[in-house]
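# Predicted coordinates and the sequence they were generated for:
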Amino acid sequence: MVVWSKIRRDFPVLNQLYEGKNLIYFDSACMALKPVQVWEAMEYYYKYLGACGGAGRSTHSLGQETSMLTEEARVNMASFINATSPNEIIWTRNATEGLNIVAATIPLNKEENVVTTTLEHHSGMLPFYKRCQETGSEMRLVQAGKDGTLDPAEFEKQIDDKTKIVSFVHSSNLTGTIAPLEEVVEIAHNHGALVVSDEAQYAPHNKLDVKKIDVDFSVLSIHKACGPTGVGVLYGKYDLLEELDMFLVGGDVIEDVVYKDGKIFPKYLPPPHKFEAGLQNYGGMMGAGAAVEYLQKIGMDNVHRREQVFSRKLLEGILELEKFEVLGPLDYKQRAALVSFRPKSGSVNHNDITEYFNEMIPNHKILMRSGNMCVHPFQYQIGLNPGKGEGIVRASLYIYNTMNEIEIFLTELENFAKLID
Amino acid sequence: MSDFKNRNIECIMAILKEKSPATTKELLALTDKFPDLCIGCSSGGDVIMAGKELVEQGLVERNWTSKGYSWKLINDTV
């Protein structure tokens, strides 16, 4: 049994008064808070090791332990998503970089097409848009439903035998929609297409099994999973990673660079190292390994179950107020633990709402995000105009939140609703 | 202070010299008039951050109304 109050105590940010107020942190879809275990792992590196690690670098004691701990972190990450081998785990700076690696290096010609959706984070859409611009390939968009759901039948319409890759978000950072990943993978594979899933929002909150889903590539942002900033993961099936060209080259990706007859002949390492050019973020990798180990100890099923209860309370509580429009599906079972909303009247700018909750609530600071969440196309699709400053407020939850916090928020939101036109 | 932030501070000052007080909604709607100064994501977060800086500097006042925050220029010497 998980003692959630004990979990909460692992997050010192929440155990402080900030400007004299208690913090209610509802911005985990942007950045999860970090437990003690994560920064202790990183502190160990910076305090006691601080050395080079990785392929072909320092073999002294500190270098050896650095290499060993970063490889342990890779093993933890492979276990977290049930990859076949740690060699399928590539460290990146974030999910965006992982998507850029796939988009930039996948073989693609102008007769082929790429399929993505209107619900994508810009990071899932723009790297492929840019590549298609370069190759002259067609980019096809599956239109999400008005409620932010993605229908496998719409993918069927867009995917054909000329589709090279399908890129889409497993759990939307805007609507919270959980996409039918397994069904889309099957459709894509039936046409010989590959699939890359954006797991930035899904993996920190649910058990992700890349082997069972049979997805070809996945990307994660560790900072949304209790880990440090500046660390992400690109998962790829090993044979596909072998085929991909490198995104960056330089030190650490090389077995040898022969100089002969006035020319150089580089010989690259196999995956994952061929994708990890230059000195790496060793402390960050160790923090990432500690983060997913921490989550696995809690149990991802436990995380999901608790968040479903909270998600329902938050969603239904906002809907009950009737003054706010909620983006995304209205069934809590179809969505992640986040709710994006805005006043139906449109009288108050979204930035003012988050500012109000940050500053005007007695005894508490309720921290949420406002804006367009880097998902402009879907908002244009449903009639919002991000270009004219229209946006939404997003409240997003994680393992350290409590039912009491949600109740406080809903009470304050009800009070707020009375203050606006 | 970064050039990015400086430009957004100039953006708010330029808008409030034209219309003061202005609600956040009005203020962000007027950013189109100063495209060289008002930069950042169209959601307006960067402009708001700059506005808060001006409140801290005592050049602008911000008060809550039923239409959200109202921004008022109280010192236009900058």
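Cool, got the structure.
# The stretch 251-400 of chain A: strands as residue ranges?
With DSSP state E, counting those that start in this stretch applied, the stretch 251-400 of chain A shows strands at A:254-260, A:263-268, A:324-327, A:338-343, A:364-367, A:369-371, A:392-396, listed in chain order.
# Would you mind putting the ones you listed into a markdown table with mean pLDDT alongside?
Below are those laid out as a markdown table (pLDDT from 0 to 100):
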| stretch | mean pLDDT |
| --- | --- |
| strand A:254-260 | 94 |
| strand A:263-268 | 96 |
| strand A:324-327 | 96 |
| strand A:338-343 | 96 |
| strand A:364-367 | 98 |
| strand A:369-371 | 95 |
| strand A:392-396 | 97 |
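# Mind putting those strands into CSV with distance to chain B?
The C-beta positions use only the backbone N, C-alpha and C, and glycine is treated the same way. CSV is the format used below for those (distance: least, CB to the nearest CB, whole Å):
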stretch, distance to chain B
strand A:254-260, 37
strand A:263-268, 38
strand A:324-327, 14
strand A:338-343, 9
strand A:364-367, 14
strand A:369-371, 3
strand A:392-396, 9
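# Any stretches of the chain with poor pLDDT?
In the absence of a named chain, this looks at chain A. Flagging of chain A using pLDDT under 70 yields the residue ranges A:55-56.
# think we crossed wires, I meant chain B
Along chain B, the model assigns pLDDT under 70 to residues B:1-2, B:77-78.
# residue ranges of the strands in it, please?
Chain-ordered strands for chain B, with DSSP state E as the definition, fall at B:22-23, B:60-65, B:68-73.
# quick check: angle from the last one to strand A:338-343?
For the pair strand B:68-73 and strand A:338-343, the angle between their directions (axes from the mean of the first three to the mean of the last three CA atoms, to 10 degrees) equals 70 degrees.
# Stretch B:10-30 and chain A, are they touching?
Yes: residues of stretch B:10-30 contacting chain A under CB under 8 Å from any CB of the partner chain: B:Thr23, B:Thr24, B:Lys25, B:Leu28, B:Ala29.
# if we can go back for a sec, switch the strands of chain B over to a markdown table; also include mean neighbour count.
As requested, the strands of chain B are exported to a markdown table (neighbours: other CB atoms under 10 Å in any protein chain shown):
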| stretch | mean neighbour count |
| --- | --- |
| strand B:22-23 | 20 |
| strand B:60-65 | 16 |
| strand B:68-73 | 21 |
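# Go through these and name the closest to A:Pro270.
Set against A:Pro270 and scored by CB to CB, the strands of chain B come closest in strand B:68-73, at 56.2 Å.
# Does that closest one pack against any helices or strands, and if so which?
In this structure, strand B:68-73 packs against helix A:350-359, helix B:3-18, strand B:22-23, helix B:24-29, strand B:60-65, with contacts taken as 3 or more CB pairs under 8 Å, 6 or more residues apart in numbering or on different chains; DSSP states H and E.
# any idea how far the residue lying farthest from the centre of chain B lies from A:Val13?
Using CA atoms, centre = their mean, the residue of chain B lying farthest from its centre is B:Ser66. It sits 18.9 Å away. Computed with CB to CB, to the nearest Å, the distance linking B:Ser66 and A:Val13 is 33 Å.
# what does the stretch 1-150 of chain A have sitting close to chain B?
Residues of the stretch 1-150 of chain A found near chain B, taking CB under 8 Å from any CB as the criterion, are absent altogether.
# Helices of the stretch 1-150 of chain A, residue ranges please.
Along the stretch 1-150 of chain A, the stretches classed as helices by DSSP state H, counting those that start in this stretch are A:4-9, A:36-44, A:61-81, A:95-105, A:122-135.
# Could you check the third one and say which residues are buried?
The neighbour-count check on helix A:61-81 (16 or more other CB atoms under 10 Å in any protein chain shown) flags A:63, A:65-67, A:69-70, A:72-74, A:76-78, A:80-81 as buried.
# any idea how far that helix is from the chain center?
The gap between the average C-alpha position of helix A:61-81 and the chain average comes to 21 Å, counting by CA atoms, centre = their mean, to the nearest Å.
# ok, now the first one?
For helix A:4-9, the separation from the chain centroid amounts to 24 Å (computed by CA atoms, centre = their mean).
# got a list of what B:Gly40 touches?
By CB atoms under 8 Å, 6 or more residues apart in numbering or on different chains, the residues touching B:Gly40 are B:Phe4, B:Asn8, B:Asp46, B:Val47.
# Distance check, the first one against A:Met286.
Read that as B:Phe4. B:Phe4 sits at a distance of 33 Å from A:Met286 (criterion: CB to CB).
# Spatially central residue in chain B, please.
Centroid-nearest residue in chain B, with CA atoms, centre = their mean: B:Ile12, separated by 2.9 Å.
# quick one: contacts for the residue lying closest to that residue once chain neighbours are set aside?
Leaving aside its chain neighbours, B:Ile12 sits nearest to B:Gly51 (4.9 Å; criterion: CB to CB, 6 or more residues apart in numbering or on different chains). Remark: with contacts taken as CB under 8 Å, 6+ apart, B:Gly51 is in contact with B:Ile12, B:Leu27, B:Val60, B:Arg62, B:Trp71.
# The same query, at a cut-off of 7 Å, please.
By CB atoms under 7 Å, 6 or more residues apart in numbering or on different chains, the residues touching B:Gly51 are B:Ile12, B:Val60, B:Trp71.
# can you check B:Leu27 too?
If you count contacts by CB under 7 Å, 6+ apart, B:Leu27 has them with B:Ile15, B:Trp71.
# Give me the distance between it and B:Ala14.
Note on B:Leu27: its distance to B:Ala14, by CB to CB, is 11 Å.
# Could you do A:Lys212 as well?
Using CB to CB, A:Lys212 is found at 56 Å from B:Ala14.
# Now A:Met360. Nearest residue, chain neighbours left out?
B:Trp64 (6.7 Å).
# dump the residue contacts of the closest residue to A:Glu359 other than its chain neighbours.
Spatial nearest neighbour of A:Glu359, chain neighbours left out: A:Lys365 (7.5 Å); criterion: CB to CB, 6+ apart. For A:Lys365, the set of contacting residues under the criterion of CB under 7 Å, 6+ apart consists of A:Tyr18, A:Lys21, A:Leu23, A:Ile24, A:Asn358.
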